[in-house]
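> Need a 3D model of the sequence below.
(one chain, ligands or ions: 1)
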Amino acid sequence: MALSPPDDRPVVVLGVCGGIAAYKAVEVCRLLSDAGCYVAPILTESATQFITPLTFSALASEPAQTSLYGERHPSPHTRLGRMADLVVVAPATANLLARLVSGQSDDLLTATLSATTATVLVAPAMHTEMWEQSSVQANVAILRERGVVVIDPESGRLAGGDVGAGRLADPASIAQVVLSHLGPTGAVARDLVGVKITISAGGTREAIDPVRYLSNRSSGKQGYALAEAAIARGADVTLVTAARLQLSPIARAATTVINVDSAQQMGDAISAAAEQADVVIMAAAVADFRPVGSSATKLTKDLGIPTLLLEETTDILASLVQRRRTGQVIVGFAAETHDIASRAAAKLARKGCDLLVVNDVSQPEVGFDHETNAVTIMGKDGEVDQVPLSAKSTVAHAVLDRVARLLSQRSQERNHHV
Ligand SMILES: Cc1cc2nc3c(=O)[nH]c(=O)nc-3n(C[C@H](O)[C@H](O)[C@H](O)COP(=O)(O)O)c2cc1C
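You can find the predicted model right below:
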């Protein structure tokens with residue numbers, strides 16, 4: 001959290017290095033300012049060879065700075081480092097990555113990076129040969145391990161007419177990744193670094209014949225919002241999904257996505273992933289019933305009106321609870337339309353999961369296919385949180401707050417017993 005933010009906007013320190021893509025950082029600066037961030041730019045000396053500080057000063061929230069000495073504040077690196085909710089370096093040169101790894105702090109940007117405890121994002125950009133260099137890749141791997149978020153470069157046209165990997169990620173994607181790492185209050189906690197989370201999303205499809213299926217109104221948006229939020233907080237995420245939505249570029253790069261269709265496929269994939277997971281969140285709307293056997297060929301009118309016989313699917317949540325690993329946190333979701341409180345309490349008791357996230361999908365703007373949700377998070381421990389109508393990302397963070405609390409309680413209990 002910022003120590004002395006200039007106002008209540010989230011503070012983003014934007015580092016710009018000396019590469020051809022430096023001009024694209026102007027767009028990142030503008031997008032973040034427009035999105036309501038307080039943007040404080042720092043240009044390296046090399047960056048000023050490519051673009052002027054004046055351009056950034058005109059678009060940012062305070063004048064761009066380029067030096068440790070002689071500027072407005074006696075100690076600019078500690079001021080910027082402390083007030084930052086997030087530091088993003090775009091473009092990040094090979095040189096900057098190496099200096100960040102070795103902890104150098106001999107200019108304003110590296111000194112600020114050394115002086116901050118905020119989330120750090122780097123968006124490397126360089127020629128393909130540089131990007132593929134083993135030293136550069138090793139530095140990127142070390143930074144990732146330390147919790148730095150790396151926004152991978154894209155493949156495409158590079159300076160001098162070359163084509164290949166190393167082009168700076170699209171400025172709009174960089175801004176989007178930055179914003180996804182800033183919560184409503186300014187910064188997202190990196191409290192799930194290294195935690196393995198399996199998340200299910202979407203409504204399953206139960207085949208009637210090769211072209212028809214039974215499904216439900218779940219869009220998968222809440223499950224995807226959970227995956228985005230968990231990635232932002234540092235988790236290793238496996239997303240088992242019956243929906244086909246787009247993750248943001250950073251989440252896409254960091255998430256193992258397993259596409260499934262039916263409840264059976266989802267159950268198999270979730271069970272396999274759960275063997276390694278610290279947390280399993282069942283946000284998917286898994287069919288309760290499926291047709292008994294599906295026709296191998298398309299049912300046609302000349303065959304007459306078919307009778308659909310249904311059978312129950314396997315209860316994935318119940319079998320997860322049965323095979324729970326020690327300390328594993330299991331979260332279920334319940335979409336209800338009536339007798340919400342009593343049905344939810346009964347489901348929590350029956351299923352034996354740690355948390356149950358309940359939404360009343362009969363309410364306007366709640367649940368299925370909306371951008372918003374309103375939920376009650378019920379704990380086995382009796383704790384109940386109400387999340388009023390909010391963006392699905394806010395609901396996702398509220399669920400992960402409870403998950404993080406449970407994980408930390410469990411690790412304290414473990415330490416207590418040792
Ligand atoms: C025309 C030109 C383009 C360059 N483009 C890049 C680049 O895209 N990526 C990179 O890592 N280095 C690039 N460099 C090299 C960096 O400018 C050089 O390593 C510099 O020391 C980086 O300083 P900085 O990291 O402090 O900004 C380029 C150099 C020149 C002369």
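
> Go ahead and list the helix or strand containing the spatially most central residue of the chain.
With distances taken as Cα atoms, centre = their mean, residue 228 lies nearest the centre of the chain, 2.2 Å away. In the assignment (DSSP states H and E), residue 228 maps to helix 221-232.

> Report the contact partners of the residue lying closest to residue 285 once chain neighbours are set aside.
Of all residues not flanking residue 285 in the chain, residue 218 sits nearest, at 3.5 Å (Cβ to Cβ, 6 or more residues apart in numbering). Backbone N, C-alpha and C define where each C-beta goes, glycine included. Residue 218 makes contact with 202, 203, 243, 284, 285, 335, 368, 369, according to Cβ atoms under 8 Å, 6 or more residues apart in numbering.

> What is the neighbour count of residue 272?
By other Cβ atoms under 10 Å, the residues close to residue 272 number 14.

> Residue 256 versus that one, what's the distance?
Going from residue 272 to residue 256 by Cβ to Cβ, to the nearest Å gives 11 Å.

> Report the buried residues of the longest helix along the chain.
Looking across the chain with DSSP state H, the single longest helix is helix 392-417. The neighbour-count check on helix 392-417 (16 or more other Cβ atoms under 10 Å) flags 392-404, 406-407, 410 as buried.

> From the contact counts, what lies against that helix?
Judged by 3 or more Cβ pairs under 8 Å, 6 or more residues apart in numbering; DSSP states H and E, helix 392-417 is in contact with helix 221-232, strand 279-282, strand 329-336, strand 355-360, strand 372-379, strand 384-391.

> who does the third one touch, helix- and strand-wise?
It stands for strand 329-336. strand 279-282, helix 316-322, helix 340-351, strand 355-360, helix 392-417.

> Export these to a markdown table and append columns for distance to the ligand and mean pLDDT.
Formatted as a markdown table, those follow (distance: least, Cβ to the nearest ligand atom, whole Å; pLDDT from 0 to 100):
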| stretch | distance to the ligand | mean pLDDT |
| --- | --- | --- |
| strand 279-282 | 37 | 98 |
| helix 316-322 | 46 | 95 |
| helix 340-351 | 52 | 87 |
| strand 355-360 | 44 | 91 |
| helix 392-417 | 33 | 88 |
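
> near the ligand, which residues of the protein show up?
Residues of the chain found near the ligand (Cβ under 6 Å from any ligand atom) are 17-21, 44, 46-47, 93-96, 125-126, 130.

> In helices only, show me those residues.
Among the residues of the chain next to the ligand, the members found in helices (DSSP H) are 47, 94, 95, 96, 130.

> Residue 92 is in contact with the last one, correct?
No - using Cβ atoms under 8 Å, residue 130 and residue 92 do not qualify as a contacting pair, with a distance of 11.6 Å.

> Those two - which one has more neighbours?
The residue with more neighbours, out of residue 130 and residue 92, is residue 92; 29 against 16, by other Cβ under 10 Å.

> List of residues touching stretch 56-68?
Here stretch 56-68 makes contact (Cβ under 8 Å, 6+ apart) with 6, 9, 14, 16, 25-26, 29-30, 33, 37-45, 47-48, 53-54, 71-72, 76-77, 80, 107-108, 111.

> And for stretch 258-272?
Identification of contacts with stretch 258-272 by Cβ under 8 Å, 6+ apart yields 198, 200, 204-207, 213, 238-242, 244, 273, 280, 282, 284, 286-287, 290, 313-314, 316, 319-320, 323.

> For residue 172, see how far away residue 28 is.
From residue 28 across to residue 172, the span is 9 Å (Cβ to Cβ).

> what about the two, which has more around it?
Neighbours were counted for residue 28 and for residue 172 using other Cβ under 10 Å; residue 28 has more, 28 against 12.

> in stretch 112-130, what's buried?
Within stretch 112-130, the residues that qualify as buried are 112-116, 118-128, 130, counting by 16+ other Cβ under 10 Å.

> Then stretch 295-312?
Residues of stretch 295-312 classed as buried by neighbour count (16+ other Cβ under 10 Å): residue 299.

> so where's the chain shaky on pLDDT?
Across the chain, residues meeting the criterion (pLDDT under 70) sit at 1-8, 71, 183-188, 249-250, 365-367, 369, 418.

> quick one, which residue of it lies the farthest from its center?
The outermost residue of the chain, judged against the average C-alpha position, is residue 302 (49.7 Å), by Cα atoms, centre = their mean.

> What are the phi and psi values at that residue?
Main-chain torsions, residue 302, degrees, to the nearest 10: phi -70, psi -10.

> ok, it to the ligand distance?
65 Å (Cβ to the nearest ligand atom, to the nearest Å).

> picking up where we left off before, need the ones in helices among the residues of the chain next to the ligand in TSV with distance to residue 157, can you?
TSV is the format used below for those (distance: Cβ to Cβ, whole Å):
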residue	distance to residue 157
47	21
94	19
95	23
96	23
130	16
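
> between the buried residues of helix 392-417, which is closest to residue 166?
If you rank the buried residues of helix 392-417 by distance to residue 166 using Cβ to Cβ, residue 393 comes first, at 30.7 Å.

> excluding its backbone neighbours, what's nearest residue 313?
residue 263 (4.0 Å).

> And residue 66, by the same measure?
Using Cβ to Cβ, 6+ apart and skipping the chain neighbours, the partner closest in space to residue 66 is residue 43 (5.0 Å).

> My read is that that neighbour contacts residue 55, right?
No - with contacts counted by Cβ under 8 Å, residue 43 stays clear of residue 55, the gap being 9.7 Å.

> Looking at these two, which is more packed in?
Shown here are residue 43 and residue 55; by other Cβ under 10 Å, residue 43 has more neighbours (28 against 18).

> show me the residues around the more buried one that make contact.
The contact partners of residue 43, by Cβ under 8 Å, 6+ apart, come to 16, 22, 51, 53, 56, 64, 65, 66, 109.

> bridging residues for it?
With DSSP bridges as the criterion, the beta-bridge partners of residue 43 are residue 16.

> Start from the N-terminal end of the stretch 151-300 of the chain and give the strands.
Ranges of strands in the stretch 151-300 of the chain, per DSSP state E, counting those that start in this stretch, are 154-157, 163-167, 196-201, 206-207, 213-214, 236-241, 255-259, 279-282, 289-291.
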